[in-house]
Each structure stands twice: as structure tokens, then as C-alpha cells.
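Participant: need a structure here:
(one chain, ligands or ions: 1)
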Amino acid sequence: MPDQTITSVSREHRKFRPSAEFKAQANLGSEAAYKRLYAESVNSPEKFWDRQAKEQLVWRKPYKKVLKWKPPHAEWFLGGKLNVAENCLDRHLGTARENKAALIFEGEPGDVRTITYKQLHLHVCRLAHIFENMGITAGDRVAIYLPMIPEAVIAMLACARVGAVHTVIFGGFSAESIKDRINDCKAKLVITADGGWRRGKVIELKANVDKAVENTPTVQTVIVVKRCGNAVTMREGRDVWWKDAWDGAPNSHKAKAFDSEHPLFILYTSGSTGKPKGVLHTSAGYLLGAKLSAHYVFDLKETDRYFCSADIGWITGHSYVVYGMLSNGATVFIYEGAPNQPEPDRFWQMIDRHSLTILYTAPTAIRAFMRWGDNYVLRHRLDSLRLLGSVGEPINPEAWMWYHTLIGKKRCPIVDTWWQTETGSIMISPLPGVTATTPGSGTRPFFGVVPKVVDDKCVEVPRNSGGKLVITQPWPSMLRTLWGDDDRYQRQYFSEFPGRPEVYFTGDGARQDKDGYFWIVGRIDDVLNVSGHRIGTAEVESALVSHPSVAEAAAVGRPDELKGQSLCVFVTLKAGQIASEQLKEQLRNHVGKEIGSLAKPDTIRFAAGLPKTRSGKIMRRILKEIASGGEVKGDTTTLEDFSVVAALQAED
Ligand code: WTA
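Facilitator: From the prediction side, this is the model:
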């Protein structure tokens, strides 16, 4: 370790202030300016957001009203019309940005493509025509299942251009998961590729789509991008090659304007119970939140070359690869493959090769880099970097210090950004030219955000005590509902505190320190965060129980140095089934098939019984303690049969 002062104490007090040099060039460089803008944004939110909406967005028709808030439903910029794709592309044409790189892409095999704003606009216009010729109209749903290649961005923006609602499905999800998502939103069109590169191998995306669409009656067309050249089956009348659809499509496209509240996308995310939730985001408010936060949190400059390592299938890819970045006219670098292909220094190589200035990645990646060893980093200069970001889970102070020292060379501020699929944009984060950062804390709220740490009655807890993290005022990029299930939306996010229907519950636990900085301590619902991906315990359990050998299953998280949390499952078998290593492997693969490899359990333990309350509820708290190797503490009086616990511990 290069820095012997690294500490594992979570009550971290060190403060790192931005340098005078960074402050002097920052988009916001003074505490006074932050305080003034923040105060205005929360005390007079409509005035603040009115000004921002006028300054930041290109409107076709001005809105009449900034906000209508009938908890739990918010509408922003009512009566206004705009086109989101036009806000990301057309606005830059005829300006100095026209020939600037919008995307720089590097494939895993090393192929590089640079696409200027003008070229990206042209691609999007063509695809918009193709969509229209296929009969895709405003409001239709389109599923996108692509690797991290420029076509993914083009497809999203072409949907936005014609008012279609995209749902991007991460390439790591299985055919089952694709099918469920498509059927939930009734998509008419799927866009995929023959395959994508991952660790030198081809991930067969088209084959997964083929399996999925056997059982999706709404899908009429599948557009296939040729990426890897692997063999695929094309079904006549349904499947078309992207390249063939392209022939003859015109280059210009007159975009229609859509209402501020027109749906932009659905993104599925894990909930504590049942099937994934289709988080719905709409147009103007979402775009404004993504754009303004990108400008301030990443301190974007015309000359920046920004690298976000998140896949387009996650909200981070939506807000900070596509919408927030392109609307600001930024140059975005995207990479298709694994960070250790061919060697664990791929990121550092690419940063030097493309002179990248900002890196936004996840704690799980940072911990992997630490483990692979400093030498992979030290071979590279990394002198183009000026700002670092972290997202997805709490970053432990050791990882923060390593990121600061080895990657940022103690020169680059780190923005630890807390937000969610549901919030649409960054909610809590340092502003790099203003905030003194502390390893492990997201520090303070962004403009317009009113977070509080409260007890079960929604009363704010004293400083340094833990509680539930809530947001008490609506914000423009908040989710509007869950697709097809507004009741669940209301129950999940706005029903935690009786008599307080306006309070949004994040599902996270947090504390505020004496300086008012926020510290996120993790989820309090039954959702795990494995390598920065949200996985619902219920989803994994129902996948396991669908296997013919399994009677019952319980999934819990266990602290893991690399992944943040690892997934441990306890399984009881049906009568006559024999526990074996082979069966464990079968079960892991079964979960991989049902959900995707990201949800494959790290540990499977067979048990004779699971600890339950007298009413039959599995006591996951106890299993969590057993999984972590600790002794079972706390109240066990509600346990129906303590011998179950004794048996589990004895076997450990
Ligand atoms: C966690 C990702 C601590 C948190 C943008 C949240 C974080 C969930 C941070 C959302 C952070 C995200 N510090 N925890 N900087 N960022 N989280 O929807 O538990 O994939 O509720 O959105 O990730 O995950 P999601």
C-alpha cells in the first residue's frame, strides 16, 4: 500500500479540499455560490427550476406551469413540448460542436470508432426513419439488448426522436429475463446484435433473444447489428440486419415535439418482492435533472473526454453516457469489454491512449483493480485525468484512498455520487470545485434535493444516528410511476410513513455526521447490492424454487471485500433429493438461466430447515448472521424452532 494512513474505521474524518487550481477553473468554485443556489433551489424550487429549464433545454413550445404536485404524482413543465433527441443532437449542429466527437468507442478486440455530433445526428435520423417505416409510433415500446457499442446509443436516441419508449436490457440478463421485461411492457420491436465481446469470448445475444421471443406475442420485428460475426439464425419476416434496414433510409428527419411528460424510457430494477419494477421516466424533467447534474458534478468543459464505465443497461449509462452528457455537448468514451482484457490494465491503457480527463466507475471495479496490484497502474501516466467519480454502492475508505492516490495522483477530486434508478439523476454528491470530501461520504445534496435521515415516524434523527433516508420534496427527474402498476409505485415509495404521503422513501439506511454530510449504510429492504447491481432476494429465491429439486430457498447478502456484498443462498431440498456438489452447480446455472449470470449465488448451502417465525416468515436476519460466520445475536424468541439454527451453525 502506498499510503500507510489508510484506515478501515468507518467514522472517517479526513477532509480533502479542492486545490486552488481546480477551484479557479470549476463550473462552480465557491461555497457561497453553492449555498446561495442550494437555498434558492429548495426554498423557491419553482423559480429555480423555471430558470434552469429555460436556460438548459431547447423548447418547441413553452410550458405554462413548472410543477403540479399531487403526492405521489408529480408533473413538471406542464403544457411544454420538446424533443429529447433534438436536445442531445440538433442543438449542437451549426455550432463549434458540430464536428466534435460525441462518442469515442473502443471495442474489446481493440477496434476504435469516433463519431462526431454531426455523424451521430445522421445515424439517429436514419434509424428514426427506419422505425417509422416499421410502424413504430409515439408511445410504442422498444427493447434494446445490445453490447456497449455506439449502436446502443443510436438506438436509444432514435427512440426518443420518434417518441417511442425504450427499455434497455443489460446484456448479462438471460432469455427468461428478456422475455419477462418484453411481456411486461409489450414491446413491438427488439434491437440486438449477433453477439458482444467479453473476456475474449462472444456473448451470444441474438440466441438469447431468439429464445425470449418464442414467448413474446407483441414482438413483430427484431433488428440485428452485426458485431462479432458469429453464426445466427435469422427468422424470415421477423428479423432484419441493421445494415440492410439502413439501405435507402434518408439522412434527415424532422423530429416531432412531445409533451414534457411524454414517457422517455422504462428501466427495470430489482424490488424487494416479486418481479422487477419497470421504473418510468418522462422527458423534460428527466433530461433537465441529468443535464444540470452532469454539468455541475462532472464540472464538464468543452475539452473534456469523459469515460463512464457503466453499461448502457443501467441507469448510470442512461443518464451519464447518453442524456446528461450529450445534451451538454460532451465527448463520451465508451468501452465494450472487460476491464482485465487482455490484461488488468486495460482502463489505464485506454485513459492514456485517448487522453481521457474524467473517469466515472464503481467501487467494485476499484476494489478489483486494487487486488490486481498497483503495478498495472504504475506503468501508465494517467496525467490527462482531472476528475474521478464513484457510483453504485458505498465506497469504503481504503478503496477511496487508493483511487485518490494511485489513479488521481492526489490531484483529482473524487465525486462519490449517491442516486438510484428511481431518482433519474445524482441526488447527493460533492461538487468538485466546492466540497471538501471525506472518504466514504457522498457529502451534500445536489440542487433541489431535500434528503433527510428519519426514524419510523419520519422524525429527523439526531446527527450521527442511523435512520431511513428519505427525500421530502419532488424533483424534476424523479420516476413518475412503475409501468403498469401505479399501486405498487405508491406502496413502494410513498407509503412508508402514515400521514406523510409526500415523503419519498429510498430504501436506503443512512446517517448524517456533525457537518451534515450524508453516509449511506446500505439497503434496508430485501435488496442486495452485488458488484453495484441491485438484486432482489425474492427474485433469486423464486428462481431457485422453480428448480425441481428445491423445496424452499432464502437468499441473503454477506459482506464481501471485492463485490461489496456476495450472494449466499440457503436451500432445502424436496424429499428424496440428494445434496451434492453437482446439484450446487446445477442450481447456480439454473439461476443464471432464469435471471442472468450476475445473480448466480456465490455460496449455496443445503439445510434441513430454514429458521422461521411462528407465522412462517423466513428470518433472513438470522441467516445473514450465519452466512457471515457470526454468532446469532438478537431476539430469537419469535423463532418457531431453534434447533434449525443450531443445525445450521453446527454444520458451518
Ligand atoms: C446504492 C445506481 C452509496 C444505494 C445509480 C442505492 C450507493 C442503490 C451509491 C441504487 C453511493 C448507489 N453510495 N450507495 N454513491 N450509489 N448506491 O438503482 O443503495 O442501480 O439505493 O442506481 O445503489 O442502485 P441503482
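
Participant: State the mean pLDDT of the longest helix belonging to the chain.
Facilitator: Identified as the longest helix of the chain according to DSSP state H is helix 117-133. For helix 117-133, mean pLDDT is 97.

Participant: Check stretch 609-622 too.
Facilitator: 77.

Participant: What's the first helix or strand after the longest helix of the chain?
Facilitator: Heading C-terminal from helix 117-133, the first helix or strand you meet, by DSSP states H and E, is strand 141-145.

Participant: For the helix or strand following that next one, what is the distance to the chain centroid?
Facilitator: Downstream of strand 141-145, the next assigned helix or strand under DSSP H and E is helix 150-162. Remark: helix 150-162 is offset 18 Å from the chain centroid, using C-alpha atoms, centre = their mean, to the nearest Å.

Participant: Compute the inter-axis angle for helix 150-162 and strand 141-145.
Facilitator: Angle, helix 150-162 to strand 141-145, by axes from the mean of the first three to the mean of the last three C-alpha atoms, to 10 degrees: 170 degrees.

Participant: what packs against helix 150-162?
Facilitator: helix 84-88, strand 101-106, helix 117-133, strand 141-145, strand 165-168, strand 189-193, strand 263-269 (3 or more C-beta pairs under 8 Å, 6 or more residues apart in numbering; DSSP states H and E). From N, CA and C alone the C-beta is placed, and that goes for glycine too.

Participant: Identify each buried residue in the fourth one, please.
Facilitator: The one in question is strand 141-145. Buried positions in strand 141-145, judged by neighbour count with 16 or more other C-beta atoms under 10 Å: R141, V142, A143, I144, Y145.

Participant: How about the first one?
Facilitator: When neighbours are counted by 16+ other C-beta under 10 Å, the buried residues of helix 84-88 are found to be V84, A85, E86, N87, C88.

Participant: Make CSV from these and add distance to the ligand and pLDDT to it.
Facilitator: Shown next, in CSV, are those (distance: C-beta to the nearest ligand atom, whole Å; pLDDT from 0 to 100):
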residue, distance to the ligand, pLDDT
V84, 20, 98
A85, 23, 98
E86, 26, 98
N87, 22, 98
C88, 20, 98
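
Participant: Against Y63, how distant is K54?
Facilitator: As for K54, its distance to Y63 is 9 Å (criterion: C-beta to C-beta, to the nearest Å).

Participant: need the residues of this structure near the ligand, please.
Facilitator: 269, 314-316, 390-394, 416-421, 442, 506-508, 520, 523, 529, 534 (C-beta under 6 Å from any ligand atom).

Participant: same thing but at 8 Å, please
Facilitator: The chain has residues 269, 314-316, 363, 390-395, 416-423, 428-429, 442, 506-508, 520, 522-523, 527, 529, 532-534 near the ligand, with proximity defined as C-beta under 8 Å from any ligand atom.

Participant: Just the strands from the stretch 251-400 of the chain, written as ranges.
Facilitator: Applying DSSP state E, counting those that start in this stretch to the stretch 251-400 of the chain gives strands spanning 258-259, 263-269, 277-282, 305-308, 331-335, 358-361, 387-391.

Participant: just to revisit the earlier point, quick check, nearest of the buried residues of helix 84-88 to E75?
Facilitator: Taking C-beta to C-beta as the measure, E75 lies nearest V84 of the buried residues of helix 84-88, at 16.6 Å.

Participant: For the ligand, what is the nearest residue in the stretch 101-250 of the chain?
Facilitator: Nearest residue of the stretch 101-250 of the chain to the ligand: F170, at 10.5 Å (C-beta to the nearest ligand atom).

Participant: a helix runs through that residue, doesn't it?
Facilitator: No: counting by DSSP: H, G, I helix; E, B strand; the rest coil, F170 falls outside a helix, being coil.

Participant: And the buried residues of helix 84-88, which is closest to G337?
Facilitator: Using C-beta to C-beta, the buried residues of helix 84-88 come closest to G337 at C88, 25.4 Å.

Participant: these two touch, right, that closest one and L157?
Facilitator: Yes: in terms of C-beta atoms under 8 Å, C88 counts as a neighbour of L157; the distance is 6.2 Å.

Participant: what ranges do the helices span in the stretch 401-550 of the chain?
Facilitator: 486-494, 537-545 (DSSP state H, counting those that start in this stretch).

Participant: Buried residues, the first one. List them.
Facilitator: Translated: helix 486-494. R488, Y489, Q490, Q492, Y493, F494.

Participant: Same question for the last one.
Facilitator: Buried residues in helix 537-545, counted by 16+ other C-beta under 10 Å: T537, A538, E539, V540, E541, S542, A543, L544.

Participant: Return the residues in contact with the third one.
Facilitator: By C-beta atoms under 8 Å, 6 or more residues apart in numbering, the contact set of E539 is S270, K275, P276, I595, A599.

Participant: again, 7 Å this time
Facilitator: S270, I595, A599 (C-beta atoms under 7 Å, 6 or more residues apart in numbering).

Participant: Tabulate these (CSV), appending pLDDT and neighbour count.
Facilitator: Below are those laid out as CSV (pLDDT from 0 to 100; neighbours: other C-beta atoms under 10 Å):
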residue, pLDDT, neighbour count
S270, 79, 24
I595, 90, 24
A599, 92, 25
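
Participant: Now those in JSON lines, please, with extra columns for distance to A647.
Facilitator: Output for the contacts of E539, formatted as JSON lines (distance: C-beta to C-beta, whole Å):
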{"residue": "S270", "distance to A647": "30"}
{"residue": "I595", "distance to A647": "29"}
{"residue": "A599", "distance to A647": "27"}
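
Participant: what's the closest of those residues to the ligand?
Facilitator: When the contacts of E539 are compared against the ligand (criterion: C-beta to the nearest ligand atom), the nearest one is S270, at 8.4 Å.

Participant: Now the closest residue in space to S441 that isn't next to it in sequence. Its backbone dihedrals?
Facilitator: Sequence neighbours aside, Y517 is the residue nearest to S441 in space, at 4.6 Å (criterion: C-beta to C-beta, 6 or more residues apart in numbering). Backbone torsions for Y517, taken as degrees, to the nearest 10, come to phi -70, psi 140.

Participant: Compute the number of surrounding residues for Y517.
Facilitator: Neighbours of Y517 under the rule other C-beta atoms under 10 Å: 21.
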